[in-house]
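> Would you be able to build a 3D model of this:
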Amino acid sequence: MMRFSSRALALCLCLSASATALPALAASAPTPMQATAAPGIAFGTAWYPEQWPEARWDTDLALMQQAHINTVRIAEFAWSRMEPEEGRFDFAWLDRAIAAAARHGMRVVLGTPTAAPPIWMSERYPEILRVDEDGSRAGHGGRRHFSFASARYRQFARRIATEMARRYGHNPAVIGWQIDNEIGLPSFDAEAARLWHAFLAQRYGTIDTLNQRWATAYWSQTYQRFDQVPMHLGGQQNPGLLLDYRHFLTSTWTSYAMNQADAIRALANPHQFITTNTMFWNDGFDHFALHQGLDIAAWDNYIQDAEPDWIANGADHDLVRGYKQKNFWLMETQAGRIDWAPVNRAMRPGQVREMGWQAVQHGADAILYWEFRPAPNGQETNYGTLLAADGTPAPIFAEIAGLGGELAKASAALAGTEPVADMAFLFSYDSRWAIDLQRMHKDFDPVRQFTDFYRPFRLAAQGAAVVAPEADLARYKLVVAPSLNVLTAAQAQHLAAYVQNGGTLVLGPRTGQKDDANALWAARQPGPLRTLLGAHVEQFYVQDGTVAITGPLGEGKAAIWAEALVPDAPETEILARYRQPGGWLDGKAAVVSRQVGRGRIVYVGAWLEPEALSRLAARLVPQAGVTPVLPGTAADVEIGLRRGQGRTLLIAINHGDEARALALPTGARPLIGTAPGGQIGGHGVLVAELP
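Predicted structure coming up:
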């Protein structure tokens, strides 16, 4: 599979900007500091000392201590304070802020301030400003108004990151670095276009190869040179172009992040981690690829509905953990409410604590609330915060402080542990993009479809991982791929080996329809897995309403999407058929299964409604040898294990209003919460060490 190297892109950027290289500056002197102890779980907040009088800092930090906060993230929007004029740096205030945090026992995560360039840069170098697809150029006064492709901007970004690393790279109070903030917006400026054309040239080698892979004979699209190919995010454009443009965004954002990460690594203590904070719902780039060069994954978990869909939220956590296949940081989450939804309700009492423990259950080694206190003015003053505008604790302060106390109590036991799962889900950004570009049904949301599969299987197994299709699958007994629409030959071989070696693979509808150029496989679905499955998709049918299914899975319904499956091998078992008298689907197979080698492959050809999917999960989870921790637990009680350092911890969270039965294993030692009478209270949390 042809790929464009982000390192090569970085080299292109450096070469194109060599004539305008920024002058070297004198090294900054670091400020010595006392080290702070590393907790098992970092508990913190975003703090903006540049927004407040210095005389207030100690008061705020003391209030943080009352909430058991041990970590602060600072400086990610402070470029105008660090470099008020081009080439003149002022870090004295930041020295004092870090020193104040250390005095109060805080560990510090430093953010590079490149999400919001200062006014002198926007005015003097307008070429660094982002251009929208309609040709309009962004202006100063917001954030993310820079072009990710601008070589000059990358030089400025690398220089400020270098200055910060030189000054704080060996400061023991600084434990890590956050590159930029919530990256992801593209730019359609001339410099980005040149990089896009270079990307295509490296990916395809010749324009003839591009034309062949994109099938540009359709609508007379054929190109003669790479520099003729436009940039587009959507619309009536070639599907290969639209998918490759997202590959380009991934490569460009990856090289953007590594430009700063490399500068920091050259100067900083290797014990200081480097990450960036992403958002799960941001599909502007492939998050798996971007995180390859970073030390840990971190994300911002903002729940739009004040009544959280806790299973969907758990899937998000699992996906972020999958970027590096190790524990992650929750770098931002709401202190009760957000400010950008149609209706911004606050979570109910107890839910912030509940969702905090959910993050830990799913592998978070840090929880940081955004933000500590509302700014005096600005675009986000209505967010939930720990302090009110007058600097006194807001109502949510006590709940967050209580969670902080619980995490401090359990911190030593949680240190060095990670979630346990015998089942994995496969998530592919290529597939998400390809389906989103050609949904065929307005309600075929690939993220919702992923969550609909995740829900019953996670409830049945009580533990799950989410990984990329190329990940090592040997540790998992069951692998579920809800929407692997884009499937390469190499991925298919990888999955076939997993099945033949004893794994159970479950595929969802639209699997194996496209290759990595978003072109149709000549073989009918599931494309390169057709032979392994011993069946193929005869035709798909988009559904306005529902279609009935019947068979060994029982009676049920499917909606939105239904594929007619035809067995190719005599041993292929039909688990469900459609019942649609007079319709195309009547009597056709909807779900098939086949034993292959020591394993099994299952293909689900329809978007099954919840009851049918639950029956499928109830059948396949035990069949694959996946055993839940506490069988029979109520569906609104979330169960998960963290294991490591010779310890196994059970974390149980009741997301419902009513008390539920919870039968702890013999010898379990509760650390947080209790289960009196074998019950866990509504919105209760129990953490126990298992024998």
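
> most remote residue from this protein's center?
Distance to the chain centre peaks in the chain at Gly582, reaching 44.2 Å (criterion: Cα atoms, centre = their mean).

> Give me the pLDDT value at it.
Here, the pLDDT recorded for Gly582 equals 96.

> got the phi/psi numbers for Ala589?
The phi and psi torsions at Ala589 (degrees, to the nearest 10) take the values phi -70, psi 140.

> helices and strands around the longest helix seen in the chain, which ones?
Longest helix of the chain, by residue count under DSSP state H: helix 239-265. Counting contacts by 3 or more Cβ pairs under 8 Å, 6 or more residues apart in numbering; DSSP states H and E, helix 239-265 is packed against helix 6-16, helix 151-168, helix 190-204, helix 207-214, strand 273-275, helix 287-290, helix 429-437. To be clear about C-beta, it is placed using only N, CA and C from the backbone, and glycine gets the same treatment.

> domain parsing for the chain?
According to automatic domain parsing, the chain comprises the domains 35-186+252-415, 423-623, 637-690.

> Might one say that Pro469 is in contact with Leu426?
Yes. In this structure Pro469 lies within contact range of Leu426 using Cβ atoms under 8 Å: 5.0 Å.

> Can you pull the residues that touch both of the two?
Counting by Cβ atoms under 8 Å, 6 or more residues apart in numbering, the residues touching both Pro469 and Leu426 are Ala481, Leu484.

> neighbour-wise, which of the two wins?
Leu426 (27 against 22; other Cβ atoms under 10 Å).

> And the helices in the stretch 351-500 of the chain, which stretches?
351-361, 396-414, 429-437, 446-461, 489-500 (DSSP state H, counting those that start in this stretch).

> Looking at the ones you listed, which one is packed in the most?
A comparison of the helices of the stretch 351-500 of the chain by mean neighbour count, using mean count of other Cβ atoms under 10 Å, puts helix 351-361 on top with a mean of 24.

> What mean pLDDT does that helix get?
97.

> circling back to that earlier point, might you quantify the distance of the longest helix of the chain from its chain's geometric centre?
Distance of helix 239-265 from its chain centroid, counting by Cα atoms, centre = their mean, to the nearest Å, is 16 Å.

> How far away from the center of its chain is stretch 341-353?
22 Å.

> Quickly list what Leu520 is bridged to.
As for beta bridges, Leu520 partners with Lys514 under DSSP bridges.

> Run a quick check on it versus Val537, I expect a contact.
No. Applying Cβ under 8 Å as the test, Leu520 and Val537 come out as separate, 11.8 Å apart.

> Those two: who's more crowded?
Val537 (23 against 13).

> out of everything not next to it in sequence, what's closest to the more buried one?
Nearest residue to Val537 in three dimensions, chain neighbours excluded: Gln525, at 3.8 Å (Cβ to Cβ, 6 or more residues apart in numbering).

> Show the model's pLDDT score for that neighbour.
97.

> And Ala29, by the same measure?
With respect to pLDDT, Ala29 scores 41.

> For Leu650, which of the helices and strands packed on helix 239-265 is the nearest?
Comparing these against Leu650 with Cβ to Cβ, the closest turns out to be strand 273-275 (28.1 Å).

> remind me which residues of the stretch 251-400 of the chain are low pLDDT?
306 (pLDDT under 70).

> Which stretches in it count as strands?
273-275, 277-278, 298-301, 328-334, 364-370 (DSSP state E, counting those that start in this stretch).

> Turn those strands into a markdown table, including distance to Ile264 and mean neighbour count.
Formatted as a markdown table, the strands of the stretch 251-400 of the chain follow (distance: least, Cβ to Cβ, whole Å; neighbours: other Cβ atoms under 10 Å):
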| stretch | distance to Ile264 | mean neighbour count |
| --- | --- | --- |
| strand 273-275 | 6 | 21 |
| strand 277-278 | 16 | 24 |
| strand 298-301 | 15 | 24 |
| strand 328-334 | 17 | 25 |
| strand 364-370 | 19 | 25 |
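
> returning to that earlier point: so can I have a markdown table of the domains of the chain showing distance to Trp219?
Shown next, in a markdown table, are those (distance: least, Cβ to Cβ, whole Å):
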| stretch | distance to Trp219 |
| --- | --- |
| domain 35-186+252-415 | 20 |
| domain 423-623 | 15 |
| domain 637-690 | 50 |
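
> Select, out of those, the one closest to Gln212.
The nearest among the domains of the chain, by Cβ to Cβ, is domain 423-623 at 9.2 Å.

> quick one: terminal-to-terminal distance for the closest one?
12 Å (Cα to Cα, to the nearest Å).

> do stretch 595-612 as well
Start-to-end, stretch 595-612 (Cα to Cα) is 22 Å.

> Now that stretch: buried residues?
596, 599-609, 612 (16 or more other Cβ atoms under 10 Å).

> So which of these belong to strands?
Secondary structure from DSSP state E places Val596, Gly599, Arg600, Ile601, Val602, Tyr603, Val604, Ala606, Trp607, Leu608 of the buried residues of stretch 595-612 in strands.

> And these, which is closest to Phe91?
Distances from Phe91 to those, taken by Cβ to Cβ, are shortest for Trp607, at 54.9 Å.

> Spit out the contact partners of the residue nearest to Ala496 when sequence neighbours are not counted.
Leaving aside its chain neighbours, Ala496 sits nearest to Leu532 (4.9 Å; criterion: Cβ to Cβ, 6+ apart). Leu532 is in contact with Ala492, Leu495, Ala496, Val499, Arg594, Val596, Ile601, counting by Cβ under 8 Å, 6+ apart.

> Convert stretch 409-418 to PDB, retaining C-alpha atoms only.
This file holds the C-alpha atoms of stretch 409-418, laid out as PDB (Å, rounded to 0.1, in the frame of the first residue of the first chain):
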ATOM      1  CA  LYS A 409      -7.100   6.800  48.100                       C
ATOM      2  CA  ALA A 410      -7.100   4.200  45.300                       C
ATOM      3  CA  SER A 411      -4.100   5.700  43.400                       C
ATOM      4  CA  ALA A 412      -1.400   3.300  44.700                       C
ATOM      5  CA  ALA A 413      -3.500   0.300  43.800                       C
ATOM      6  CA  LEU A 414      -4.400   1.700  40.300                       C
ATOM      7  CA  ALA A 415      -0.700   2.500  39.500                       C
ATOM      8  CA  GLY A 416       0.700   0.300  36.800                       C
ATOM      9  CA  THR A 417      -2.600  -1.400  36.000                       C
ATOM     10  CA  GLU A 418      -4.500  -1.400  32.600                       C
END
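
> All set, thanks.
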